[in-house]
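Colleague: Sequence plus the predicted model coming up.
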Amino acid sequence: MPLQPFPFRLFPTVALLTATMWMTACAPVSRVILLPQPGGEPSAVVVRTPQAEAVIDSPYGVANVARSGRVGTDTTTADEVRSRYPRLLAIEPMAPERFMLEFEPGTSDLTQEAQSRLEAVIKRAGARPGGEIVVTGHTDRQGTVEANDQLSLQRALALRALFIERGFPPERIEAVGRGERDPLVPTEDEVPEPRNRRAEILVR
């Protein structure tokens, strides 16, 4: 009877290496290894079968799935992963990339300096065909919370439109407005801060 595929749940986006093993009397049939995340961000994965469940939440943690459906945990090392799975590592997805572009006060117009960087951002995003792009608009603390919510979304939508004009499929690009909630540089209310008038672009 063939082994049914096992589900695994990720939180948040994580780098995994999943290997299918040759059948022997004691070897696991599948092995999931949690790889280190870009920037050292914490991550975890749940590996679940009808018979068992295990969580791995540290770099190079391992979940071994047996033919019986049991899930055991273990740890490995970077050197062992490179030695045992070079071909799988060669096809590992590219790490997400983040970019930031700034806006003129009270508008959805990029600053002149940000316009000069836009082409490089579009080129990098185009190098990842099929990847998701999330554009998050932000404001400084000048103006009302309601107005800044609207302005931040306008900034995100303006950049989304620029990507679409350059040939990116609309379904690949999500626009989000965060208003003044997530300042890069915390300030008092009504203080202008050019670094907070920005959009963050995540390409993954």
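Modeller: Here it is on my side, so go on.

Colleague: thought Asn148 was touching Arg155?
Modeller: No: the pair Asn148 / Arg155 is not scored as a contact, 10.3 Å apart, by CB atoms under 8 Å. From N, CA and C alone the C-beta is placed, and that goes for glycine too.

Colleague: wait, is Arg31 part of a strand?
Modeller: Yes: assigned with DSSP: H, G, I helix; E, B strand; the rest coil, Arg31 falls within a strand.

Colleague: How about the contacts made by the residue lying closest to Val191 once chain neighbours are set aside?
Modeller: Nearest residue to Val191, sequence neighbours excluded (CB to CB, 6 or more residues apart in numbering): Arg141, at 6.0 Å. Taking CB atoms under 8 Å, 6 or more residues apart in numbering as the contact definition, Arg141 lies against 148, 180, 183, 187-191, 193, 196.

Colleague: Go again with 6 Å.
Modeller: Contact analysis of Arg141 by CB atoms under 6 Å, 6 or more residues apart in numbering lists 180, 187, 189, 191.

Colleague: Would you mind splitting the chain into its domains for me?
Modeller: 8-90, 97-203 (automatic domain parsing).

Colleague: Let me know the average pLDDT across the last one.
Modeller: Averaging pLDDT along domain 97-203 gives 96.

Colleague: and it, how far apart are its ends?
Modeller: Criterion CA to CA, to the nearest Å; first-to-last residue distance in domain 97-203 is 5 Å.

Colleague: Please enumerate the helices of the protein.
Modeller: 78-84, 86-90, 112-126, 145-165 (DSSP state H).

Colleague: Residues in contact with the third one: which ones?
Modeller: The contact list for helix 112-126 (CB under 6 Å, 6+ apart) reads 99, 101-102, 133, 166, 203.

Colleague: can we see that at 8 Å?
Modeller: Helix 112-126 is contacted by residues 97, 99, 101-103, 110, 131, 133, 162-163, 166, 168, 201, 203 when judged by CB under 8 Å, 6+ apart.

Colleague: Then the first one?
Modeller: Applying CB under 8 Å, 6+ apart, the contact partners of helix 78-84 are 17, 33, 35, 60, 89.

Colleague: Among those, name the least confidently predicted one.
Modeller: Leu17 (63).

Colleague: buried sites along stretch 155-172?
Modeller: 155-160, 162-163, 168, 172 (16 or more other CB atoms under 10 Å).
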